[in-house]
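S.K.: Structure for this input, please:
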Amino acid sequence: PFIVNIKSDSPDPVIKGQQLNYSIFINNTGDDTAFNVTVSEVYPSGVSFITSSPAPSSGNSTFNLGNLSPGQSSTINITVTVGNNVVNGTVLNNSVNASFRNVSGASEVVSDNELTTVRGFEVISVSKIDSPDPVVRGTTLSYQIIINNTGDEIAYNVTVVESYPANVTFNNSSPSPSSGNGTFVIASVQPNSSTTINITVNVSSAAPNGSILNNSYNLTFANSSGANLTIANSTTTTVQGAAQITTVKVDSPDPVVKGQQLNYTISVNNTGDDIAFNVTLVDVYPSGVVFVSSSPSPSSGNNTFSL
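M.R.: I've put the predicted structure just below:
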């Protein structure tokens, strides 16, 4: 007898876009010579030939091995690439035919095949949105982390670890943290789906005006081969101070003699660490007085001052 088999395919399953190796073992277990041994590969759809040892005798799939004596064997190693467009879960059926002539000159053919399952791969992206930016110190800041899997395979053991910057404290989140206030275990993200983590923090009132809050995070997951991968990123938010407006009004003279003039002096002061925009002062005069003049002049009527 003459035996041919595809000794092995490796790896199996194979991830699309990667290389797949075939090893074809041809063995003459008979007691006579097999003449003009020719091996013909029939590659499945979705793979492309890269290299082999020995090199093909014709095209990329025909191997002329010559004669095999009794007990003699030969091995052909072939490497192919699995296309990126092969559908996840596809089974590649690789067949091989070995033809030869026996001692009587009759032609014989021995066939074998090997099945290999194709796995897809996850395509994970993560983005983080901060709101508002800039944020006023002493208020709350929201983070939204969006995890997208645009691949055709599950991302396993997805975990997000937050590193909150100085001058913020955790307030709440949805979903709740799995550990502490910065670790979120998502478990898995299915193909063509996404998941979102919403986090709210308190910005300290002591955070300096103009300081930058640098929030960093790591996302780890296991791919279909079991390898752990990490994506690291960060988001920066500018801290704004706050304007603190105080007003002081002084009258002179006090008491005032009726029929005489009365002067008011109004002081407007910003004791904060940020600009107060569009400051407008409206004076409400008491009954019994009549406006005479002011410095600066009113912006509207006799009692509205745009500062």
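
S.K.: need the helices for this protein, in chain order.
M.R.: Counting by DSSP state H, the chain has no helices at all.

S.K.: Flag the shaky bits of it, pLDDT-wise.
M.R.: Low-confidence segments of the chain (pLDDT under 70): 1-5.

S.K.: swap the cut-off to 80 and go again
M.R.: In the predicted model of the chain, residues 1-7, 224-225 satisfy pLDDT under 80.

S.K.: in it, which residue is closest to the centre?
M.R.: What sits nearest the mean C-alpha location of the chain, by Cα atoms, centre = their mean, is Ser125, with 1.7 Å.

S.K.: Over to Gly182: give its phi and psi.
M.R.: Dihedral angles of Gly182 (phi, psi; degrees, to the nearest 10) stand at phi -130, psi 0.

S.K.: Settle this for me: it is touching Thr159, isn't it.
M.R.: No - Gly182 is beyond contact range of Thr159, at 10.9 Å (criterion: Cβ atoms under 8 Å). Quick note: C-beta positions are derived from backbone N, CA and C, even for glycine.

S.K.: still on that earlier bit, partner residues bridging the residue nearest to the centre of the chain?
M.R.: Per DSSP bridges, the residues bridged to Ser125 are Asn148.

S.K.: Quick one: residues contacting it.
M.R.: Ile147, Asn148, Thr150, Ile231 (Cβ atoms under 8 Å, 6 or more residues apart in numbering).

S.K.: from the residues you listed, which is closest to Thr62?
M.R.: When those are compared for distance to Thr62 (Cβ to Cβ), Thr150 wins out at 40.4 Å.

S.K.: isn't that closest one right next to Gln190, touching?
M.R.: No - Thr150 is beyond contact range of Gln190, at 11.3 Å (criterion: Cβ under 8 Å).

S.K.: so the residue nearest to Ser40 when sequence neighbours are not counted bridges to which residues?
M.R.: With sequence-adjacent residues excluded and distances taken as Cβ to Cβ, 6 or more residues apart in numbering, Ser40 is closest to Asn97, at 4.7 Å. Counting by DSSP bridges, Asn97 is bridged to Ser40, Ser111.

S.K.: Please apply the same query to the one 10 residues further on.
M.R.: In this structure, Ser107 has beta-bridge partners Arg101, where bridges are defined by DSSP bridges.

S.K.: That one reaches Arg101, doesn't it?
M.R.: Yes - proximity of Ser107 to Arg101 meets the contact threshold set by Cβ under 8 Å, at 5.7 Å.

S.K.: And these two? Which one has more around it.
M.R.: Using other Cβ atoms under 10 Å as the criterion, Ser107 and Arg101 rank with Arg101 on top: 16 against 10.

S.K.: OK, contacts around the more buried one?
M.R.: By Cβ under 8 Å, 6+ apart, Arg101 lies in contact with Ala34, Phe35, Asn36, Ser107, Glu108.

S.K.: Could you report the neighbour count for the third one?
M.R.: This points to Asn36. 13.

S.K.: dump the residue contacts of it.
M.R.: By Cβ under 8 Å, 6+ apart, the neighbours of Asn36 are Asn64, Gly66, Asn67, Ser99, Phe100, Arg101.

S.K.: Counting neighbours, which of those residues comes out on top?
M.R.: Comparing the contacts of Asn36 on neighbour count, Phe100 comes out first with 23 neighbours (neighbours: other Cβ under 10 Å).

S.K.: From Ile26, how far out is it?
M.R.: Distance of Phe100 to Ile26, computed by Cβ to Cβ, to the nearest Å: 9 Å.

S.K.: quick one: common contacting residues for those two?
M.R.: Val37, Leu68.

S.K.: could you measure the closest residue to Asn171 other than its chain neighbours against Ser131, distance?
M.R.: In space, and not counting its chain neighbours, Asn171 is closest to Thr200: 4.3 Å by Cβ to Cβ, 6+ apart. Remark: distance between Thr200 and Ser131 (Cβ to Cβ) = 10 Å.

S.K.: what touches both of those two?
M.R.: With Cβ under 8 Å, 6+ apart as the test, Thr200 and Ser131 both reach Leu141, Ser142.

S.K.: all strands for the stretch 1-150 of the chain, in order.
M.R.: Counting by DSSP state E, counting those that start in this stretch, one finds strands in the stretch 1-150 of the chain at the ranges 2-10, 14-15, 19-28, 34-42, 47-53, 62-68, 73-82, 91-101, 107-119, 124-131, 135-136, 140-149.

S.K.: Next, the buried residues of the last one.
M.R.: For strand 140-149, the buried set under the neighbour-count rule, 16 or more other Cβ atoms under 10 Å, comprises Leu141, Ser142, Tyr143, Ile145, Ile147, Asn148, Asn149.

S.K.: next one: the longest one
M.R.: Of the residues in strand 107-119, Val110, Asp112, Glu114, Thr116, Val118, Arg119 count as buried by neighbour count, 16+ other Cβ under 10 Å.

S.K.: Right, I'll call it a day here.
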